[in-house]
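Asker: structure for this input, please:
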Amino acid sequence: MAVHPEPKPSVVVSHLDIVYEVFGAKRGRAVAAGEEEGGLGMVERLLGQREEKFGHVQKVHAVKDVSFVANVGESIGIIGRNGSGKSTLLRAIAGLIPPTSGSVWLSGEPSLLGVNAVLLGDLTGERNIMIGGQALGLSAKEIRSRFNDIVEFSGIGDFVYMPMKAYSSGMGARLRFAISTAKTPDILMVDEALATGDADFKARSSERITQIRKDAGTVFLVSHSNNTVKEMCTRALWMEKGRLIADGPAEEVVTAYQKTFPQKKKPSSKQTSATDS
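Answerer: Residues are numbered from 1 along each chain as shown. Predicted coordinates for the structure are as follows:
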């Protein structure tokens, strides 16, 4: 009889709530040309103390009482409609957003990879690889030894010696993924970074994620592509209006999620015959 090892938790999220404030965009009287604004007035304006220049503050409850445990070796997809709290949850796990209430416990160092992550546009891809590698804790020697592999994986070729601001969004996303996975992270979080890649890059990314899992890492993937989640993930979390609706095997959760969308009606036989004629 096969003995299965006990799961080893890498992330524990307990009754997590995230509430943030959105300031209104109400405009006040513009300062007329040639009219000076005093120092005190400027300070008040910057601090948002003038009600006539700032609207009311709206609180957004982005994540509501979410709890789950992620284990070492799992790849977990986070799915849901726009505004469901997927990216907010991911950033809370990464430590970028403090919990309003509840707690997040990590057994390792998280590495967040997102399409909107800031790259140093005025520097070349080569310099960004060096800086990114050092941020991952790699030595200069280790980065140089992995440099060619990073460039090859990203598929950007000689563009690596050009400023990043000359890259397309897809090129930047591919290089970012290659840098972030140059060292096996304890917890890798990917936020839509694979959406900009072609089929070949997605296949290489899937292999890399599989390898990270085998090397005892945990992967979180936020994606609008249900097929990507089913192909790359062993488990899925379904978020809806800030709440965790379902947590289970990726195939089952994604299938249940897809059933909530209106089904496309098949054309009637009359419409088909009319079209054929």
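Asker: residue 6 - how many residues pack around it?
Answerer: Residue 6: 7 surrounding residues under other CB atoms under 10 Å. C-beta coordinates here come from the backbone N, C-alpha and C atoms, glycine included.
Asker: actually residue 258, not the one I wrote
Answerer: 11.
Asker: can you tell me, leaving aside adjacent residues, what's nearest to it?
Answerer: residue 226 (6.1 Å; CB to CB, 6 or more residues apart in numbering).
Asker: how much space separates that neighbour from residue 86?
Answerer: According to CB to CB, to the nearest Å, residue 226 stands 13 Å off from residue 86.
Asker: equivalent analysis for residue 64, please.
Answerer: The gap separating residue 64 from residue 86 is 13 Å, by CB to CB.
Asker: give me the more crowded residue out of those two.
Answerer: Ranked by neighbour count (other CB under 10 Å), residue 64 and residue 86 place residue 86 first, with 26 against 18.
Asker: contacting residues around that one?
Answerer: Applying CB atoms under 8 Å, 6 or more residues apart in numbering to residue 86 gives the contacts 78, 79, 80, 222, 239.
Asker: same thing but 10 Å
Answerer: Contacts for residue 86 were tallied using CB atoms under 10 Å, 6 or more residues apart in numbering; they are 62-63, 77-80, 191-192, 220, 222-224, 237-239, 242.
Asker: same check, this time on residue 140
Answerer: By CB under 10 Å, 6+ apart, the contact set of residue 140 is 130, 133, 134.
Asker: any chance of those in JSON lines with neighbour count and secondary structure as columns?
Answerer: Output for these, formatted as JSON lines (neighbours: other CB atoms under 10 Å; DSSP: H, G, I helix; E, B strand; the rest coil):
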{"residue": "130", "neighbour count": "18", "secondary structure": "helix"}
{"residue": "133", "neighbour count": "22", "secondary structure": "helix"}
{"residue": "134", "neighbour count": "13", "secondary structure": "helix"}
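Asker: tally of neighbours for the closest residue to residue 83 other than its chain neighbours?
Answerer: Distances taken as CB to CB, 6+ apart place residue 241 nearest to residue 83, at 7.7 Å, with adjacent residues excluded. Residue 241: 13 surrounding residues under other CB under 10 Å.
Asker: tell me how far residue 241 lies from residue 69.
Answerer: Applying CB to CB, the value for residue 241 to residue 69 is 22 Å.
Asker: one more: residue 102?
Answerer: With CB to CB as the criterion, residue 102 and residue 69 are 14 Å apart.
Asker: now list whatever residues contact both of these two.
Answerer: 13, 14.
Asker: and the nearest residue to residue 94 once chain neighbours are set aside, what are its bridge partners?
Answerer: Once flanking residues are discounted, residue 94 sits nearest to residue 112: 4.2 Å by CB to CB, 6+ apart. Here residue 112 sits in beta bridges with residue 189, going by DSSP bridges.
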